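S.K.: Turn this into a structure:
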Amino acid sequence: MQAAYRRRSLLEALGAVPDPRGRHGRRYPTRSLLAVLIMAAMNGESSLSGMWLWARAHAELLTARLRFHRQRILAL
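M.R.: Residues are numbered from 1 along each chain as shown. Model prediction:
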């Protein structure tokens with residue numbers, strides 16, 4: 001008997017992560033934020049400030065591929 005499972009993309013899997021923020025604090029989708037943090041970590045960033053700087057440096061590519069509010073990368 002074979003277990004039926006469907007492969008999911010990383011973004012699909014991240015979309016299933018519950019968002020603990022209140023409704024008014026959800027400017028950016030959780031899955032996009034998590035994807036940026038993962039990509040920054042994979043590129044050697046280990047602090048949130050380093051991850052933010054990495055995201056700012058790659059903002060054009062990230063906003064073209066991920067859904068962000070008003071196509072802008074998150075700001076601190």
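S.K.: which residues touch the residue nearest to residue 17 when sequence neighbours are not counted?
M.R.: Nearest non-adjacent residue to residue 17, counting by Cβ to Cβ, 6 or more residues apart in numbering: residue 30, 6.0 Å away. The way it works is simple: take the backbone N, C-alpha and C, and place the C-beta from them, glycine included. By Cβ atoms under 8 Å, 6 or more residues apart in numbering, the contact set of residue 30 is 14, 15, 17, 19, 21.
S.K.: Recalculate using a threshold of 10 Å.
M.R.: Residues near residue 30 by Cβ atoms under 10 Å, 6 or more residues apart in numbering: 14, 15, 16, 17, 18, 19, 20, 21.
S.K.: for residue 45, same thing?
M.R.: So residue 45 contacts 37, 39, 51, 52, 53, 54, 55 (Cβ under 10 Å, 6+ apart).
S.K.: export those to TSV and tack on distance to residue 67 and neighbour count?
M.R.: TSV is the format used below for the contacts of residue 45 (distance: Cβ to Cβ, whole Å; neighbours: other Cβ atoms under 10 Å):
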residue	distance to residue 67	neighbour count
37	16	17
39	15	19
51	19	18
52	18	18
53	22	14
54	19	19
55	14	21
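S.K.: quick one, helices of this structure?
M.R.: 10-15, 30-42, 48-57, 59-65 (DSSP state H).
S.K.: quick one, the longest one and helix 48-57 angle?
M.R.: Between helix 30-42 and helix 48-57, the angle formed by their directions is 100 degrees, by axes from the mean of the first three to the mean of the last three Cα atoms, to 10 degrees.
S.K.: what's the offset of helix 30-42 from the middle of its chain?
M.R.: On the basis of Cα atoms, centre = their mean, to the nearest Å, helix 30-42 sits 4 Å off its chain's mean C-alpha point.
S.K.: buried ones in that helix?
M.R.: 30, 31, 32, 33, 34, 35, 36, 37, 39, 40 (16 or more other Cβ atoms under 10 Å).
S.K.: any idea how far residue 16 is from the fifth one?
M.R.: For residue 34, the distance to residue 16 (Cβ to Cβ, to the nearest Å) stands at 11 Å.
S.K.: Output the lowest-mean-pLDDT helix or strand in the chain as CSV, nothing but the C-alphas.
M.R.: Every helix and strand of the chain was ranked by mean pLDDT, DSSP states H and E. The lowest is helix 59-65, at a mean of 84. The C-alpha trace of helix 59-65 is given here as CSV (Å, rounded to 0.1, in the frame of the first residue of the first chain):
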residue,chain,number,x,y,z
ALA,A,59,14.5,43.9,-3.1
GLU,A,60,13.9,44.1,-6.8
LEU,A,61,14.2,40.4,-7.3
LEU,A,62,12.3,39.5,-4.1
THR,A,63,9.3,41.7,-4.9
ALA,A,64,9.2,40.3,-8.4
ARG,A,65,8.9,36.8,-7.1
